[in-house]
Every structure is written in structure tokens, then in C-alpha cells.
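here are the coordinates; sequence isn't available:
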Ligand SMILES: NC(=O)c1ccc[n+]([C@@H]2O[C@H](COP(=O)([O-])OP(=O)(O)OC[C@H]3O[C@@H](n4cnc5c(N)ncnc54)[C@H](O)[C@@H]3O)[C@@H](O)[C@H]2O)c1
Ligand SMILES: O=C(O)C(=O)C[C@]1(C(=O)O)C=C[C@@H](O)C=C1
């Protein structure tokens with residue numbers, strides 16, 4: 001059934017949600033954003049049906065309200081929504097990367113018309129703002145739902161039904177366990193990525209050539225350090241306790257690595273690296289992890305116009321769809337490596353055969 005959804009905050013995540021929930025045109029989306037240009041962009045690009053200047057009036061028309069704002073603002077909006085005299089029940093959700101402070105606030109709300117279900121789509125990007133929003137951003141991603149203590153099963157089911165439009169995989173988690181897990185797999189890695197960049201920046205004082213040496217490896221592990229600093233400060237602030245605990249764990253981890261190096265413990269270090277490799281390699285395989293299952297091929301290509309299109313065309317002719325594509329270490333005039341991902345082992349093998357037949361040098365990732 002067609003629902004009226006009020007989307008508050010139309011940036012990367014809010015904008016992507018608006019797009020994916022509006023695309024089947026089953027829902028009527030009212031948009032609100034503090035940034036006028038964002039609202040205009042959303043309207044001009046048909047991401048929302050109407051914009052609003054008054055949250056209270058729009059909220060009273062809504063069946064569902066989704067907060068796509070940074071966490072601190074999301075908590076403020078919950079207090080604002082609490083004051084509204086609704087004449088019907090309304091499902092309120094959010095997209096915050098940290099759940100406990102939001103759920104704790106939702107649990108204190110006295111407004112009986114509000115049914116709060118916390119939400120967190122485990123997909124995103126280092127980009128920010130509505131222009132980076134994509135309707136397919138959440139496809140196959142995990143979407144965590146954390147109901148508040150007073151939320152009914154009916155409200156939870158209705159929100160799940162609505163979010164089916166995102167084509168994500170919904171799971172239910174308690175706020176505390178969510179924050180610990182995302183702390184490990186998302187927030188702490190972000191902190192380390194920024195620290196690695198800071199370390200390289202310091203060393204640049206000694207070796208001015210360092211930035212030119214930054215090839216695939218450094219770029220791979222530090223991409224997320226290019227994210228929005230204000231947003232991530234807010235995430236770290238709200239998940240502070242877990243971050244501090246993980247920094248302590250990390251210091252121990254580094255101390256043990258330091259020992260291995262100082263004592264030339266070669267076999268111990270190899271075993272450590274192998275254990276990490278096996279775990280990392282296995283993350284995609286189960287098809288249930290945070291990293292979707294991909295089967296990769298590495299193709300040597302020349303840096304010339306149309307090189308990527310030729311590879312893509314050969315695969316398209318065989319009906320093979322590429323799920324991800326990335327150029328690694330390409331420098332002008334030198335052979336580059338194209339990393340292609342396909343979604344099944346069979347497609348990986350077929351791609352290998354087709355490209356090899358056409359004279360490409362390539363490697364499979366087992
Ligand atoms: N970036 C990611 O990868 C990612 C992934 C999942 C969840 N999240 C969560 O999504 C939320 C938004 O992140 P984003 O990446 O979309 O950020 P963003 O900066 O792209 O978008 C935030 C939007 O909120 C608007 N906004 C800010 N304060 C507002 C206010 N008081 N009233 C109305 N609008 C306001 C901004 O103008 C902007 O359009 C955060 O809570 C974040 O934790 C982010
Ligand atoms: O892909 C990225 O750039 C992200 O940082 C996305 C990412 C993540 O860590 O995976 C970041 C924060 C979110 O709350 C969810 C997803």
C-alpha cells in the first residue's frame with residue numbers, strides 16, 4: 001500500500017533511501033533538509049515528490065518518518081518529534097551508524113503515537129551529499145534494524161515491508177551488540193585508516209617522494225580516510241567507549257607484532273599473516289558477511305583509449321555481467337591491471353576463458 005514517507009536529511013544515505021523507496025512510485029516522499037540546495041536538487045531530480053519547510057506539518061501527514069541526518073541531529077529530531085500532536089501512529093526510523101544513543105533516547109520518548117525502529121544500512125561511501133546518492137546503494141547490503149522497547153511487532157513488520165524497496169537483507173540486532181560489531185568492522189578501521197595517512201604525512205617530512213610511492217596497497221587501505229570528517233567525528237563520539245576499548249586492544253596487538261619483529265620470530269609472523277589472510281579471504285565466501293561474495297580476475301591492459309571497453313564488451317557478448325571494476329596501479333604508457341569482479345565461480349571461469357582466447361594475460365583469484 002502507498003505510504004507517505006517524510007525523509008529528513010537528504011544526503012548520501014537519506015537521498016539514496018528516498019530514491020530506492022520512490023523508484024517503484026508506490027510511495028509518496030516528502031523531503032526536508034537544512035540545506036536548501038539539497039532540497040532543490042532532490043525535487044529537480046524527482047528523488048522526492050514534495051519538499052517541506054515545516055517538519056511538524058509534514059510529520060503529521062506521514063505514515064513513516066526516516067531520519068537521514070548525522071547522529072547528534074537525529075537525537076535532537078527525536079526530541080522534536082516527541083512534541084508533535086499526531087492523530088495517528090507513526091513509524092519513526094533512522095540510519096545512524098551508532099545505535100545505542102539513538103535507541104536510549106527513543107526509549108525515553110513519552111509520545112505514544114511514535115513507534116521507533118532504529119535502522120542502519122551497512123553500505124555507504126567516502127562521498128557525502130545528495131549528488132553521491134544512488135538508488136541501488138543498499139542492494140544486497142545488510143540493513144540492521146533495532147526496535148525500541150515500546151515498538152510493536154506490527155510496526156517492525158511494516159517497516160521491513162517498506163524497506164524491501166531497498167533490496168537489502170534485513171537483520172535484527174540489539175543496539176549494544178550492533179555498536180560493538182560495527183565498532184570492530186567499520187568505525188575502528190576508519191580510525192586506523194586516518195592514522196595511517198597521518199603517519200605517511202609525518203614521514204613526508206623526511207622523504208618528500210612518499211606520495212608518489214603511494215600505490216594500490218596504501219590507496220586500498222586508506223580510501224575511507226577521505227570521508228566526511230564531521231560525520232566521522234560524530235560517529236566516534238557516539239561510539240566512544242567501544243573505540244577506546246579497541247584502541248587498547250590495538251596497542252596490545254601492535255606490541256605483540258613488535259616483539260615478533262624484534263625477536264626475528266619468522267615462523268610466528270608468517271603464521272600471523274596467514275591466519276589474517278585466511279580470515280580475510282573467507283569473508284566473502286560465505287555470502288553472508290559484510291563483504292559480498294565476489295569472484296575476481298586480474299587482467300593486464302595497456303593504457304590506451306578503449307582498453308577497458310574492449311574487455312567489458314567481450315564479457316558482455318558472453319552474457320557475463322561485471323559487478324565491480326577497478327584499475328590498479330595504472331601509470332601513463334605502462335601496462336595496468338584491471339580488477340574485474342563477477343558474482344559466480346562459473347562466470348569467473350568463463351570470463352577467464354573468453355579473455356585468454358582473445359589474447360589477454362590474466363590471473364584468477366582463487
Ligand atoms: N556515509 C556512510 O557511508 C554511511 C553509511 C550508513 C549510515 N550512515 C549514517 O547516515 C547518516 C547520514 O550520513 P550521510 O553519509 O548521508 O551524510 P551526508 O552529509 O551525505 O548527509 C547528511 C544530510 O543531512 C542534512 N542535515 C544535517 N543537519 C540537518 C538538520 N539539522 N536538519 C535537516 N537536515 C540536516 C545535511 O544537509 C545533509 O544533506 C549518519 O547518521 C551516518 O552515521 C552513513
Ligand atoms: O564504503 C564506505 O566508504 C563506508 O565507509 C561505508 C560504511 C562501512 O564502514 O562499511 C561506513 C559507515 C556506515 O555506517 C556503514 C558503512
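Good, I have the coordinates. Being a predicted model, the structure only gives us computed values, none of them experimental. Ligands and ions are numbered 1, 2, ... in the order given.

residues contacting the residue nearest to residue 176 when sequence neighbours are not counted?
Closest residue to residue 176 apart from its sequence neighbours, by C-beta to C-beta, 6 or more residues apart in numbering: residue 100 at 5.8 Å. For every residue, glycine as well, the C-beta is placed using N, CA and C. Taking C-beta atoms under 8 Å, 6 or more residues apart in numbering as the contact definition, residue 100 lies against 175, 176, 178, 179, 238.

Dump these into a markdown table; add neighbour count and distance to residue 186 as well.
A markdown table is the format used below for the contacts of residue 100 (neighbours: other C-beta atoms under 10 Å; distance: C-beta to C-beta, whole Å):
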| residue | neighbour count | distance to residue 186 |
| --- | --- | --- |
| 175 | 22 | 15 |
| 176 | 13 | 16 |
| 178 | 24 | 11 |
| 179 | 24 | 10 |
| 238 | 24 | 13 |
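
Now the two most distant members of those.
Largest separation among the contacts of residue 100 by C-beta to C-beta: 176 and 238, giving 12.8 Å.

quick check, residue 13 in a helix?
Yes: assignment of residue 13 by DSSP: H, G, I helix; E, B strand; the rest coil places it within a helix.

what about it, distance to residue 324?
In this structure, residue 13 and residue 324 are 20 Å apart, going by C-beta to C-beta, to the nearest Å.

Next, residue 298: secondary structure please.
Secondary structure of residue 298, reduced to three states by three-state DSSP: strand.

tell me which of the contacts of residue 100 is nearest to residue 311?
Nearest to residue 311 among the contacts of residue 100, counting by C-beta to C-beta, is residue 178 at 39.9 Å.

And the strands in the stretch 251-366 of the chain, which stretches?
295-301, 324-328, 336-342, 362-364 (DSSP state E, counting those that start in this stretch).

Quick one: closest of those to ligand 1.
For these, proximity to ligand 1 was assessed by C-beta to the nearest ligand atom; strand 324-328 is nearest, at 17.0 Å.

Pull the residues that contact the closest one.
For strand 324-328, contacts defined as C-beta under 8 Å, 6+ apart pick out 216, 294, 298, 308, 312, 336, 337, 338, 339, 340, 341.

Please enumerate the helices of the stretch 1-150 of the chain.
Using DSSP state H, counting those that start in this stretch, the helices of the stretch 1-150 of the chain run over residues 12-22, 36-44, 55-61, 71-82, 100-108.

can the first one be found next to ligand 2?
Okay, so that is helix 12-22. No: figure legend: helix 12-22 not in contact with ligand 2 (C-beta under 6 Å from any ligand atom); closest approach 8.2 Å.

And that helix, what does it pack against?
Helices and strands touching helix 12-22, by 3 or more C-beta pairs under 8 Å, 6 or more residues apart in numbering; DSSP states H and E, are strand 4-8, strand 28-32, helix 36-44.

Ok, the shortest one next?
Where contact means 3+ C-beta pairs under 8 Å, 6+ apart, helix 55-61 is packed against strand 4-8, strand 28-32, helix 71-82.

please redo it, this time with the cut-off set to 7 Å
Packing partners of helix 55-61 (3 or more C-beta pairs under 7 Å, 6 or more residues apart in numbering; DSSP states H and E): strand 4-8, strand 28-32.

neighbouring contacts of that helix?
4, 6, 8, 30, 32, 52, 65, 80, 81, 84, 86 (C-beta atoms under 7 Å, 6 or more residues apart in numbering).

go on, the first one?
Here helix 12-22 makes contact (C-beta under 7 Å, 6+ apart) with 5, 7, 10, 27, 29, 31, 42, 47-48, 66, 68, 95, 121, 124-125, 127-130, 132-135, 137-138, 162, 165-166.

Check the second one too.
Helix 36-44 has contacts (C-beta under 7 Å, 6+ apart) with 10, 15, 18, 31, 33, 48, 51, 130, 131.

secondary structure class for whichever residue of the stretch 151-300 of the chain sits closest to ligand 2?
The nearest approach of the stretch 151-300 of the chain to ligand 2 comes at residue 186, 3.2 Å away (C-beta to the nearest ligand atom). The three-state assignment at residue 186 reads helix, by three-state DSSP.

That one: what's it in contact with?
residue 97.

if you set the cut-off to 10 Å instead, what comes out?
Counting by C-beta atoms under 10 Å, 6 or more residues apart in numbering, residue 186 touches 97, 120, 122, 124, 224, 235, 239, 290.

Looking at the helices and strands packed on helix 12-22, which is nearest to residue 105?
strand 4-8 (15.1 Å).

Which elements pack onto the closest one?
Applying 3 or more C-beta pairs under 10 Å, 6 or more residues apart in numbering; DSSP states H and E, one finds that strand 4-8 contacts helix 12-22, strand 28-32, helix 55-61, strand 64-67, helix 71-82, strand 90-94.

okay, those in JSON lines with mean pLDDT next?
Formatted as JSON lines, the helices and strands packed on strand 4-8 follow (pLDDT from 0 to 100):
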{"stretch": "helix 12-22", "mean pLDDT": "96"}
{"stretch": "strand 28-32", "mean pLDDT": "97"}
{"stretch": "helix 55-61", "mean pLDDT": "97"}
{"stretch": "strand 64-67", "mean pLDDT": "98"}
{"stretch": "helix 71-82", "mean pLDDT": "98"}
{"stretch": "strand 90-94", "mean pLDDT": "98"}
